[in-house]
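[1] Quick one: sequence plus predicted model below, questions after.
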Amino acid sequence: MKRYKFLNKEDIHEALNRLRDAFLAAKDGNEVEEIINGILTYDEKLKIGRRVLIAEYIKDGAGFDEIAKSLKVGKNTIVSVINSLDKNPISFELINKRRKKVQTIYQNRKYRLVGGSTLVFKRKEYTGFKRKDVTR
């Protein structure tokens, strides 16, 4: 917060509320991507995604050295994510829960079985459904 010491509490709350509103505005993955591309730089998107990956490694019980080697991140970043997990333990659980839900919906809708009613082994046909098409 040292970087933003010139802001008062009201300015900070207003900015964070706008960020929350921006992410809640999306109704599906396509809109999420549009919003993310519109307000975050490539670097910011990558940092957030890597922090989520670090949190997943931590939840799976991986050690510092394994995470640092696998994801090529510093130990300070890992400690930062651990501190975030300690302060907000449910945050990454919500992300993981949503990821699993999207994956399930995607797996169920990406293919459909095609063939007559007498055909025992129907063939799968790709429907064109993408992860981005999953709605809230």
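    Perfect, I can see it now.
[2] okay, CA-based contacts and neighbour counts for the rest of this
    Will do.
[3] Next one, pLDDT for residue 47 please.
    Note on residue 47: pLDDT of 93.
[4] Repeat that for the one 3 residues further on.
    Residue 50 is assigned a predicted lDDT (pLDDT) of 94.
[5] what's the answer for residue 13, then?
    At residue 13, pLDDT is 88.
[6] before we move on, what about the one 3 residues further on?
    Turning to residue 16, the model gives it a pLDDT of 87.
[7] neighbours of it, just the number please.
    The number of residues packed near residue 16 is 12, by other CA atoms under 10 Å.
[8] how far is stretch 58-72 from where the chain is centred?
    Remark: stretch 58-72 is offset 19 Å from the chain centroid, using CA atoms, centre = their mean, to the nearest Å.
[9] Kindly report the same for stretch 126-133.
    18 Å.
[10] go on, stretch 9-27?
    With CA atoms, centre = their mean as the basis, the mean position of stretch 9-27 lies at 18 Å from the chain mean.
[11] go on, stretch 64-81?
    Distance, centroid of stretch 64-81 to centroid of chain: 19 Å (CA atoms, centre = their mean).
[12] Between the two ends of that stretch, what distance do you get?
    End-to-end distance of stretch 64-81 (CA to CA, to the nearest Å): 12 Å.
[13] So what touches it?
    50, 51, 54, 55, 57 (CA atoms under 8 Å, 6 or more residues apart in numbering).
[14] For those residues, which single residue is the most surrounded?
    Counting neighbours by other CA under 10 Å, residue 54 comes out on top of those with 24 neighbours.
[15] so what's the nearest residue to residue 26 once chain neighbours are set aside scoring on pLDDT?
    Nearest non-adjacent residue to residue 26, counting by CA to CA, 6 or more residues apart in numbering: residue 32, 5.3 Å away. We note a pLDDT of 88 for residue 32 in this prediction.
[16] Give me the pLDDT for residue 1.
    58.
[17] got the contact list for residue 51?
    Contacts of residue 51 (CA under 8 Å, 6+ apart): residue 81.
[18] Show the subsequent helix or strand relative to the strand or helix carrying it.
    For residue 51, the host element (DSSP states H and E) is helix 42-59. Per DSSP H and E, the first helix or strand lying C-terminal to helix 42-59 is helix 64-71.
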